[in-house]
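Enquirer: 3D, please:
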Amino acid sequence: MLISNVRDHRNAITGIMARYHIQDLRYVPESDGDAEVVFLVDPQDRLSYFDIFQMEDDLGAELHVRVEILTLGGLQGSYRDRILNTAQPI
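Expert: Model (predicted):
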């Protein structure tokens with residue numbers, strides 16, 4: 001899914017993210033996994049794995065694709081550098 005398609009759902013995505021106190025949501029254009037859309041978040045509050053799974057489900061239902069959420073704190077090494085260099089604000 002292209003970022004332009006994601007941006008078409010910006011209001012709904014922003015509403016979903018607000019429930020989890022996420023303000024800095026970025027789209028990652030290249031994914032190594034099975035997800036069709038990957039987002040990078042830098043949560044203001046502590047998120048549980050269950051919160052992340054629920055966000056993925058909520059966003060997937062809105063976008064009608066499989067979504068993966070990455071957290072800034074969970075990225076390491078060259079993978080972190082690559083993600084940070086390609087992530088785009090929605």
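Enquirer: Can you report how many residues lie near Gly33?
Expert: Residues contacting Gly33 under the criterion other C-beta atoms under 10 Å number 9. No exception for glycine: its C-beta is placed from N, CA and C like everyone else's.
Enquirer: now it: how far from Gln44?
Expert: With distances taken as C-beta to C-beta, to the nearest Å, Gly33 is found 25 Å from Gln44.
Enquirer: Check for me that Leu70 belongs to a strand.
Expert: Yes - per DSSP: H, G, I helix; E, B strand; the rest coil, Leu70 lies within a strand segment.
Enquirer: That one: what's its closest spatial neighbour, skipping adjacent residues?
Expert: Nearest residue to Leu70, sequence neighbours excluded (C-beta to C-beta, 6 or more residues apart in numbering): Leu40, at 4.9 Å.
Enquirer: host element of that neighbour?
Expert: Assigned by DSSP states H and E, Leu40 falls within strand 37-41.
Enquirer: how far does the longest helix belonging to the chain sit from the chain's center?
Expert: As assigned by DSSP state H, the longest helix anywhere in the chain is helix 49-63. Using C-alpha atoms, centre = their mean, to the nearest Å, the mean C-alpha position of helix 49-63 is found 9 Å from that of the whole chain.
Enquirer: For it, which helices and strands make contact with it?
Expert: On a contact count with 3 or more C-beta pairs under 8 Å, 6 or more residues apart in numbering; DSSP states H and E, helix 49-63 meets helix 10-19, strand 37-41, strand 67-71.
Enquirer: Go through that helix and flag the buried ones.
Expert: Asp51, Ile52, Gln54, Met55, Glu56, Asp58, Leu59, Gly60, Leu63 (16 or more other C-beta atoms under 10 Å).
Enquirer: Many thanks, have a good one.
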